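Based on what follows, work out the 3D shape:
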Amino acid sequence: MTAPARLPDAASLETVLAGLDPASADADLIPALAAAFPGFAFGVAPIDDDYWRDTRSVLRPDGTRIGELRPWMAAELAKDNGDIAAVWRRLKETDLQITEWRGSSAFASAPTGPGAADYLQIALGREIEWRAGPIVNPDYPPWGESELLDPSWPRTDQLPDSDRLAGPVYRLLGRAGGGLIHVRSFLDRCGRVEREKREAKRPELERRVIREVGPGGTTRETPFLEALPDYFDFVPRELRFFQDWEESSARPQRVFAHWALDARDYTHKGEREVGFIPRPLNPPKERLLMTPEASVHLLMDRIEAVDREVGLSFGWFFLMTHGHWVDPDVGLAIAGGLKAQRVRLPDPDARVLLRWADRSYGF
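Prediction:
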């Protein structure tokens with residue numbers, strides 16, 4: 001493989017995606033990315049998270065497009081002086097229809113080095129335009145103007161292929177600034193932003209005290225930074241996720257083969273937020289929950305079954321940090337069994353789990 005000539009950028013990616021023929025977009029996506037960015041071995045993984053875009057069109061039965069729904073409907077309302085009921089009665093007698101774009105996420109990734117965080121990730125939307133239904137609900141009048149401008153009633157779980165109008169097309173998703181990331185650089189950014197936030201509070205925290213009142217009314221004051229001496233050494237959960245991967249038996253496999261990162265980087269009320277939520281590409285069929293009758297030995301059997309199902313050694317641990325598929329109490333119980341020498345894990349995994357149990361994190 002040739003060395004990469006340049007990193008992908010948003011403008012170049014959008015050009016590549018715009019050049020895909022919808023008739024073969026799924027098959028052509030990876031070859032098109034490889035041709036545009038030589039030296040990168042791209043792969044793509046779909047995510048089952050259906051969404052709807054707020055772009056809709058008004059359509060005649062013969063397929064002629066009249067215009068975008070919102071401005072067209074606003075003009076129709078103006079014709080009846082904003083009388084919603086009158087607009088509904090008039091339009092329900094027409095044969096006009098509306099379209100909508102439905103999409104699902106896909107993540108394209110390519111390694112840039114041997115480390116767990118050495119890869120690019122591109123968040124994509126795979127979208128198809130459908131004939132969604134009549135221009136208004138013929139059976140029920142709208143409860144307000146917004147129901148005409150942004151209707152939700154025509155949505156069904158599955159539309160017939162005969163109602164498919166365009167696509168699939170691929171779009172680069174913004175995802176709050178995380179649409180295109182180099183993961184190692186993104187983690188550096190996470191750590192730097194967190195350090196800067198905490199350092200900005202240092203003068204205030206150096207003055208802050210924790211006041212405790214005893215039974216006899218006596219008070220004791222402890223400087224905040226004496227009570228929390230490692231406050232400025234805090235490691236964000238995003239960095240710990242990748243550190244734990246590197247230091248566990250999951251290391252031989254690539255993170256992007258098992259997880260997508262729903263990344264974000266934005267500023268809200270003057271404060272910058274940088275991070276991600278990991279999303280499993282191959283979740284287990286059932287959740288592993290802690291039950292009162294579950295012994296630590298039974299839990300060991302179950303986590304081994306989870307690892308086999310997802311195809312990743314120590315995979316259960318990362319599903320646990322995700323916070324849904326494996327109950328954190330399972331991890332705490334196994335950590336207790338390790339300390340009591342009732343069960344064993346490979347040494348690297350035991351160290352990672354005990355470190356997590358001492359200072360847990362989750363998403």
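
Show me the strands in the stretch 101-250 of the chain, by range?
119-134, 164-172, 180-182, 209-213, 219-223 (DSSP state E, counting those that start in this stretch).

Identify the residues contacting the residue positioned nearest the centre of the chain.
Centroid-nearest residue in the chain, with C-alpha atoms, centre = their mean: residue 262, separated by 2.9 Å. Counting by C-beta atoms under 8 Å, 6 or more residues apart in numbering, residue 262 touches 123, 175, 178, 276-279. (Glycine included, C-beta is placed from N, CA and C.)

Same question for residue 104.
Contacts of residue 104 (C-beta under 8 Å, 6+ apart): 46-51, 125-126.

Closest one of those residues to residue 148?
Checking those against residue 148 by C-beta to C-beta gives residue 51 as the nearest, at 21.7 Å.

distance of the nearest residue to the closest one once chain neighbours are set aside from residue 30?
Nearest non-adjacent residue to residue 51, counting by C-beta to C-beta, 6 or more residues apart in numbering: residue 103, 5.3 Å away. Note on residue 103: its distance to residue 30, by C-beta to C-beta, to the nearest Å, is 19 Å.

quick one, which of the two is more surrounded?
Taking neighbours as other C-beta atoms under 10 Å, residue 103 and residue 30 compare with residue 103 leading, 22 against 15.

Hmm, residue 111 is touching residue 254, no?
Yes - Residue 111 is within contact range of residue 254, at 6.6 Å (criterion: C-beta atoms under 8 Å).

Out of the contacts of residue 262, give me the one that has the most neighbours.
Neighbour-wise, the contacts of residue 262 (other C-beta under 10 Å) top out at residue 276, 24 neighbours.

Can you classify residue 24 by secondary structure?
Following DSSP: H, G, I helix; E, B strand; the rest coil, we place residue 24 in the helix state.

Can you give me the neighbour number for it?
Around residue 24 there are 11 residues (other C-beta under 10 Å).

Can you tell me how far it is from residue 170?
12 Å.

circling back: adding mean pLDDT and distance to residue 65, write the strands of the stretch 101-250 of the chain out as JSON lines.
Supplementary listing: the strands of the stretch 101-250 of the chain in JSON lines, determined by pLDDT from 0 to 100; distance: least, C-beta to C-beta, whole Å:
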{"stretch": "strand 119-134", "mean pLDDT": "95", "distance to residue 65": "11"}
{"stretch": "strand 164-172", "mean pLDDT": "95", "distance to residue 65": "10"}
{"stretch": "strand 180-182", "mean pLDDT": "96", "distance to residue 65": "32"}
{"stretch": "strand 209-213", "mean pLDDT": "91", "distance to residue 65": "65"}
{"stretch": "strand 219-223", "mean pLDDT": "90", "distance to residue 65": "68"}
